[in-house]
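[1] Build me a structure from this.
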Amino acid sequence: MLLSKPTYDPSNDTYITTLFLDKDEEGNFLDVDSMLHHSDEHGFYIARTIIQIWDGSIWTTATNEESESALREHRRSLRVFRPLTPAQVIRMVVEQFVPEEEGARDLTINALRAAGIN
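    All right, here's what the predicted structure looks like:
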């Protein structure tokens, strides 16, 4: 049986939110847009646009500052789609938007684990 890759179309699917997940080792945000979408046909997925810069020997994902200063001929944009289960979506949204103050995020994550959502 030959499997085919789903065809995602963010322009026709339901946009849910933008996620800010990608940081380098120093905590700088990388120039990666991660947008959560839902498709009636394929379910939840992240559409990612990744900006990379050429450092002379390899392509590396740029921080926002690096991306702005890089010459156009030394930049490229990659488009990547990643399917997600509903449980993965719940976990991402909690980790992204529930505050850490007063243990709110930990309480929520523990409640999800108790419900079998990891």
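
[2] who touches the lowest-mean-pLDDT helix or strand in the chain?
    Within the chain, no helix or strand scores below helix 64-69, which has a mean of 78 by mean pLDDT, DSSP states H and E. For helix 64-69, the external contacting residues (Cβ atoms under 8 Å, 6 or more residues apart in numbering) are 28-31, 51, 53, 75. Every residue, glycine included, has its C-beta placed from N, CA and C.

[3] top of those residues by neighbour count?
    Using other Cβ atoms under 10 Å as the neighbour criterion, D31 leads the contacts of helix 64-69 with 22 neighbours.

[4] remind me which residues of the chain are low pLDDT?
    Applying pLDDT under 70 to the chain flags residues 1-4.

[5] So which residues of it form helices?
    Taking DSSP state H, the helices of the chain run over residues 64-69, 86-97, 104-114.

[6] quick revisit: now the least confident helix or strand of the chain, how far from the centre of its chain.
    Distance of helix 64-69 from its chain centroid, counting by Cα atoms, centre = their mean, to the nearest Å, is 19 Å.
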